[in-house]
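Chemist: structure for the following, please:
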Amino acid sequence: MTSVSAFSVTSRPRPQAYALAVVGGLACALAIGRALPVTMDAISAAMAPVCASAAEGSPLDKVEPIGSYALPNVAGKRVTIVRVTYGPGGFTRPHKHAGSVTAYITKGEIRSQLGGGPVETFKVGQSFFEPPGSTHVVSANASATEPAELIAVFVADEGAQLTTFLE
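Modeler: Numbers count the residues shown, from 1 in each chain. Predicted coordinates for the structure are as follows:
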């Protein structure tokens, strides 16, 4: 079993590289996403293997890794879990994910829109699913005054760049 914390990864062939990639990818994506109109593709793939928020709506927006585990019964696949926190008015610009994503709302309300579908609002205890390659057009806090939070569970290929921001 593999575990991820802010500082280390255990039981992996390259634990230091993976841990640095997770922490570095999150930090770089947040800083660059707020400062420059740069897509995630401009950031080294080694620096952004985990879903990283380039939210521009609130300085309180953040993505925190919770865990990442190889799936022993599905060769080459990994499940990665992150906590996404949106400050009041926070959002993530349009993006795609490499694998399947299930999101579970733990605080506040989240507005979401996939591809040409409707904009939906999800409350605490509700969840939504993103098939691989879906365009996530809207991912935002539904409130301009209260924070919101979700837990995202990715199932993707080992080593995949989980989030790619769109122009």
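Chemist: now do the closest residue to residue 66 other than its chain neighbours, the pLDDT please.
Modeler: Residue nearest to residue 66 in three dimensions, not counting chain neighbours: residue 81, with 4.2 Å by Cβ to Cβ, 6 or more residues apart in numbering. From N, CA and C alone the C-beta is placed, and that goes for glycine too. As predicted, residue 81 sits at a pLDDT of 97.
Chemist: which elements pack onto the helix or strand hosting residue 81?
Modeler: Under the criterion of DSSP states H and E, residue 81 resides in strand 77-86. Where contact means 3 or more Cβ pairs under 8 Å, 6 or more residues apart in numbering; DSSP states H and E, strand 77-86 is packed against strand 62-70, strand 100-107, strand 148-157.
Chemist: and if we set it to 10 Å?
Modeler: Contacts defined by 3 or more Cβ pairs under 10 Å, 6 or more residues apart in numbering; DSSP states H and E place strand 77-86 against strand 3-4, helix 15-35, strand 62-70, strand 100-107, strand 109-114, strand 135-141, strand 148-157.
Chemist: how far away is the residue nearest to residue 66 from residue 93?
Modeler: 22 Å (Cβ to Cβ, to the nearest Å).
Chemist: run a quick neighbour tally on the closest residue to residue 95 other than its chain neighbours.
Modeler: Using Cβ to Cβ, 6+ apart and skipping residues adjacent in sequence, the residue nearest residue 95 is residue 165, 4.8 Å away. For residue 165, the neighbour count with other Cβ atoms under 10 Å is 22.
Chemist: next: residue 59.
Modeler: Around residue 59 there are 11 residues (other Cβ under 10 Å).
Chemist: got a list of what the residue lying closest to it once chain neighbours are set aside touches?
Modeler: In space, and not counting its chain neighbours, residue 59 is closest to residue 87: 6.6 Å by Cβ to Cβ, 6+ apart. Contacts for residue 87 (Cβ atoms under 10 Å, 6 or more residues apart in numbering) come out as 55, 57-62, 141, 143-144, 146-148.
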